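1. Build me a model from this:
(chains A and B)
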Amino acid sequence: MKITVRLFATLSRHLPPGAVRNCAGLDVREGATVAEVMNGLGLDDKFPRLAFVNNRREKDAARSLKDGDDLAVFPPIGGG
Amino acid sequence: MAAFDPKEFAVPRERARVLVAGAGGLGSPALAALASSGVGVIGVADSDVVDLSNLHRQVIHVTAGVGLPKTASAEEFLKRSGFGGAVLTFQTRLDTGNIMEVVSEFDVVVDACDTFRSKFMLNDACVLAGRPFVHAGVLQFEGQIMTIYPERTACLRCLFESPPPPGSVPTCQEAGVLGAAAGVLGAIQAAEALKVLDGKKTTLSDRVVAFDARHMSFRTVPVSRDPGCPVCGTKPRIDSMEDANYPPEACD
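-> The predicted structure follows:
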């Protein structure tokens, strides 16, 4: 199935080639979880992050995604 | 969570006390905007001295001030700008031993710190002291901002339970900060602080704005309090300022 992934700020370096701005289309297995997608992009499980699926906050990394879902992930930013 | 009236945090401008924690990239534009806002007291906390490499983004400091404590340089700026209120300076690193006392002196706090450790410490101190604050972070071309009413709206730990592991995120020194990006975010922080003091309902509470100067985009995402939050949740494990909750960062 195909999903859209949006990675912001310091996470954007984990986007696959071909990403436009902060956004990329991604082919993942049917029923892939938020954690699986993030791990597949090289995002460390222990890294704190704010995730949204279809613009709703998703705290459960074990949630299964559906075809066409939009996953957006924000990191904390510590600079000042 | 029950709705609340932001007017419970309102303070008349002329009596209002605003703390800017950090007089660097975010603190400088915030102070510049607050200087002419009519607030009664501006506090500035910073332990650093002005360095030549700061000047591209820390716009209140000048070449002649290189080597001065940032608090002294900021106070000079406020006086130069015609700020008519009182200036309180804290030329010290805010730590678990002093931060509660400092934030408790103010009506609203601007988080212009430059480390995760400081930001999480400030979050916890403001929540525990019941002080509203305006969080922001900036790195390279991007930043995030959110206004927090303690135990009323989502705090930093409701979003991110803890700071990222040391070394997992580049620092300002490693990655750099676009001065203009810090300028945009710091100015928004000042606007938010003033809206808190005015009791406005339209602050960035329970909302995070992600700003990207590269694409000049502002993306707003809704957030909410987390009942499992370690500092403002239903069973908080952080109920006082303890060093163990703030591990040193790689560059500390």
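
2. What distance do you get for the closest residue to chain A within chain B to residue B:169?
-> Residue of chain B nearest chain A, by Cβ to the nearest Cβ: residue B:137 (3.1 Å). Placement of C-beta: from N, CA and C, glycine included. Look at residue B:137 and residue B:169: by Cβ to Cβ, to the nearest Å, they are 10 Å apart.

3. Please apply the same query to residue B:224.
-> Distance of residue B:224 to residue B:169, computed by Cβ to Cβ: 25 Å.

4. quick check, distance from the worst-scoring helix or strand of chain A on mean pLDDT to the centre of its chain.
-> When the helices and strands of chain A are compared on mean pLDDT, DSSP states H and E, strand A:56-57 comes out lowest with a mean of 92. Centroid separation for strand A:56-57 versus its chain: 12 Å, with Cα atoms, centre = their mean, to the nearest Å.

5. For chain B, which segments count as helices?
-> Assigned by DSSP state H, the helices in chain B fall at B:27-34, B:70-80, B:99-103, B:116-129, B:156-159, B:172-175, B:179-198.

6. Of the ones you listed, which is nearest residue A:58?
-> Evaluated with Cβ to Cβ, the helices of chain B place helix B:156-159 nearest to residue A:58, the distance being 12.6 Å.

7. contacts for that closest one?
-> By Cβ atoms under 8 Å, 6 or more residues apart in numbering or on different chains, the residues outside helix B:156-159 that reach it are A:50, A:76, B:119-120, B:123-124, B:135, B:146, B:148, B:208, B:223-226, B:229-233, B:238.

8. More neighbours: which of residue B:224 and residue B:169?
-> The neighbour comparison of residue B:224 against residue B:169 (other Cβ atoms under 10 Å in any protein chain shown) goes to residue B:169, with 23 against 13.

9. Thought residue A:48 was touching the more buried one, still the case?
-> No - taking contacts as Cβ atoms under 8 Å, residue B:169 lies outside contact range of residue A:48: 10.1 Å.

10. anything in contact with each of the two?
-> A:75-76.

11. Next up, phi/psi of the closest residue to residue B:158 other than its chain neighbours, please.
-> Setting aside the residues directly before and after it, residue B:158 is nearest to residue B:226 in space (Cβ to Cβ, 6 or more residues apart in numbering or on different chains), at 4.1 Å. In terms of degrees, to the nearest 10, the main-chain angles of residue B:226 are phi -110, psi 120.

12. same thing with residue A:24?
-> Residue torsions, per degrees, to the nearest 10, at residue A:24 are phi -150, psi 150.

13. And residue A:3, by the same measure?
-> The phi/psi pair for residue A:3 (degrees, to the nearest 10) is phi -130, psi 170.

14. partners of it in the sheet?
-> Beta-bridge partners for residue A:3, by DSSP bridges, are residue A:26.

15. separation between it and chain B?
-> 18 Å (Cβ to the nearest Cβ, to the nearest Å).

16. how deep is that residue tucked in, by neighbour count?
-> Using other Cβ under 10 Å: residue A:3 sits among 19 other residues.

17. Likewise for the one 10 residues further on?
-> Applying other Cβ under 10 Å, we find 10 other residues in the vicinity of residue A:13.

18. Do you know the pLDDT at residue 20?
-> Reading this off chain A. The model reports residue A:20 with a pLDDT of 92.

19. could you do chain B instead?
-> Looking at residue B:20, its pLDDT is 98.

20. Check residue B:251 too.
-> Among the per-residue scores, residue B:251 shows a pLDDT of 43.

21. try residue B:150
-> Residue B:150 carries a pLDDT value of 98.

22. ok, residue B:211 touching residue B:184?
-> Yes - Residue B:211 is in contact with residue B:184 according to Cβ under 8 Å; the separation is 6.3 Å.

23. got any residues that touch both of those two?
-> Joint contacts of residue B:211 and residue B:184 (Cβ under 8 Å, 6+ apart) are residue B:143.

24. For residue B:186, give me its contacts.
-> Going by Cβ under 8 Å, 6+ apart, the list of residues near residue B:186 reads B:25-30, B:32-33, B:112, B:136.

25. which residues of the chain score low on pLDDT?
-> Let's take chain A. Within chain A, the stretches with pLDDT under 70 are A:45.

26. hmm, I had chain B in mind actually
-> For chain B, the stretches flagged by pLDDT under 70 are B:1-2, B:171-173, B:250-252.

27. distance from the centroid: which residue in it tops it?
-> The C-alpha centroid of chain B is most remote from residue B:64, which lies 26.3 Å away (Cα atoms, centre = their mean).

28. quick one: residue A:80 from chain B, how far?
-> 4 Å.

29. Give me the secondary structure label for that residue.
-> Here residue A:80 takes the coil state, with states given by DSSP: H, G, I helix; E, B strand; the rest coil.
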